[in-house]
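Peer 1: I would like to see how this sequence folds:
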Amino acid sequence: MRSWRRLRCVVVCIPALLVALLAACSSVPVTSLIKLAQIDLASTDPRQLRMAVKLPRTIRPQPQGVSLRVGVKLSNGDEEIQDFVLREVTDPKDVLVLHSELDADTHVFAYRLDSAEVARLITFRDDLKQKQAETGGRGGALSIAIRPQACRTAELPQRPVMATTYLRTMETGSYVPLTRDVDLRTIDPRQDIVGVIPMCAKT
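Peer 2: Numbers count the residues shown, from 1 in each chain. Model prediction:
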């Protein structure tokens, strides 16, 4: 059975309204495509998965509010989608390598799957393999979305608000930019989603 390598889209979703930023697909850097094509959901080690997001300092992910959405479109046309909870990591080897991406106005957050979510992802892909085998299909298309529930600490200026996302797997070996400098104000033609990001709760 062929693996799920054909990456259809990698996006970042910034709720308030959990708007799927599908237009971000066009923002995948060309230099990332070769490395991303190496990702094989059928055999990759979920324990080595790391995801990261770079945001303006006035926007931050909410605690316990970041998830990874994995979708696989099988050869028979069916699509299976599952969300997995991400946990923030502080290990220097997971974070410091991204510091070269930062400037004075941005910060970066890195995430992993905890043990329970690793087990869920393994079960998810095993079920997909079984369904693929039962239909006699080969291959399929993979989509990945990082979904941070975000809030803001201050009013945002009326200028582009940029976000960048990254993925590291056992195949890539290092963080690969998924979407670089996506303007959150223009990503959804129906609305300026920056305007609906809530203020962060005071602590």
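Peer 1: tell me, what residue is most central in the chain?
Peer 2: The centroid of the chain falls nearest to I146 when counting by CA atoms, centre = their mean (2.4 Å).
Peer 1: what is the mean pLDDT for the helix or strand harbouring that residue?
Peer 2: Secondary structure from DSSP states H and E places I146 in strand 140-152. For strand 140-152, mean pLDDT is 79.
Peer 1: Stretch 90-102 now?
Peer 2: Rounded mean pLDDT across stretch 90-102 is 88.
Peer 1: Quick one: the helices in this protein, in order.
Peer 2: Along the chain, the segments classed as helices by DSSP state H run 30-36, 92-95, 115-135.
Peer 1: could you measure H99 against A52, distance?
Peer 2: Here H99 is placed at a distance of 11 Å from A52 (CB to CB, to the nearest Å). C-beta: built from backbone N, CA, C; applies to glycine.
Peer 1: When those two are compared, which one has more neighbours?
Peer 2: Higher neighbour count among H99 and A52: A52, with 24 against 9, using other CB atoms under 10 Å.
Peer 1: Y166 is in contact with that one, correct?
Peer 2: Yes - using CB atoms under 8 Å, A52 makes contact with Y166 at a distance of 4.2 Å.
Peer 1: so what's in contact with these two at the same time?
Peer 2: 98, 175 (CB atoms under 8 Å, 6 or more residues apart in numbering).
Peer 1: Take the helices of the chain and write them to CSV, including distance to K202 and mean neighbour count.
Peer 2: What follows is the helices of the chain, written out as CSV (distance: least, CB to CB, whole Å; neighbours: other CB atoms under 10 Å):
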stretch, distance to K202, mean neighbour count
helix 30-36, 38, 14
helix 92-95, 26, 13
helix 115-135, 30, 15
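Peer 1: Minimum distance to P46: which of those has it?
Peer 2: Closest approach to P46 among the helices of the chain is made by helix 115-135 (4.5 Å; CB to CB).
Peer 1: what about that closest one, distance to the chain center?
Peer 2: 19 Å (CA atoms, centre = their mean, to the nearest Å).
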